[in-house]
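Trainee: model this:
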Amino acid sequence: MEFLDEVPTVWDETKVVSGEPSQYVTIARRHGADWYLGAMTNWNPRDLDVPLDFLGAGEFKAQIFADGPDADKVATSVAISRKSVKAGDRLPIHLAPGGGAAVIFKATK
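Mentor: The predicted structure follows:
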């Protein structure tokens, strides 16, 4: 619910970062200076290495909501982490079968 409290309802820009029909999708959306990323997979577990080139200039604090280590058995298992990132970095994300991830990128002032 913490992620949903932060997500805006109006977007300035949307980019498809990666995907393959019926396999997986990763989409980034911008609201002001901040970005929001969502990824989901079919019933195959997947390890993504998401390029963060869409972020543009500056540094961002990433709050990552990803499948927890036992998400393949407990659908509500979530791991929340934080890290500093910038364009040019890559973000590794593991998706459990039928799982997904959401990331909030807040621009640092």
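Trainee: my guess is W11 contacts I27. True?
Mentor: No - with contacts defined as Cβ atoms under 8 Å, W11 does not count as touching I27, sitting 10.4 Å away. C-beta coordinates here come from the backbone N, C-alpha and C atoms, glycine included.
Trainee: which of the two has more residues huddled nearby?
Mentor: Neighbours were counted for W11 and for I27 using other Cβ atoms under 10 Å; I27 has more, 15 against 11.
Trainee: list the buried ones in the helix or strand hosting the more buried one?
Mentor: Using DSSP states H and E, I27 sits in strand 24-31. Neighbour-count burial for strand 24-31 flags Y24, V25, T26, A28, R29, R30 (criterion: 16 or more other Cβ atoms under 10 Å).
Trainee: and which of those residues is nearest to F3?
Mentor: The shortest approach to F3 among those belongs to R29, at 13.0 Å (Cβ to Cβ).
Trainee: averaged pLDDT, the strand holding I27. What do you get?
Mentor: In this model, strand 24-31 has a mean pLDDT of 98.
Trainee: partners of that strand, with directions?
Mentor: Each strand pairing with strand 24-31, determined using DSSP bridges, is listed with its direction: strand 13-20 (antiparallel), strand 34-41 (antiparallel).
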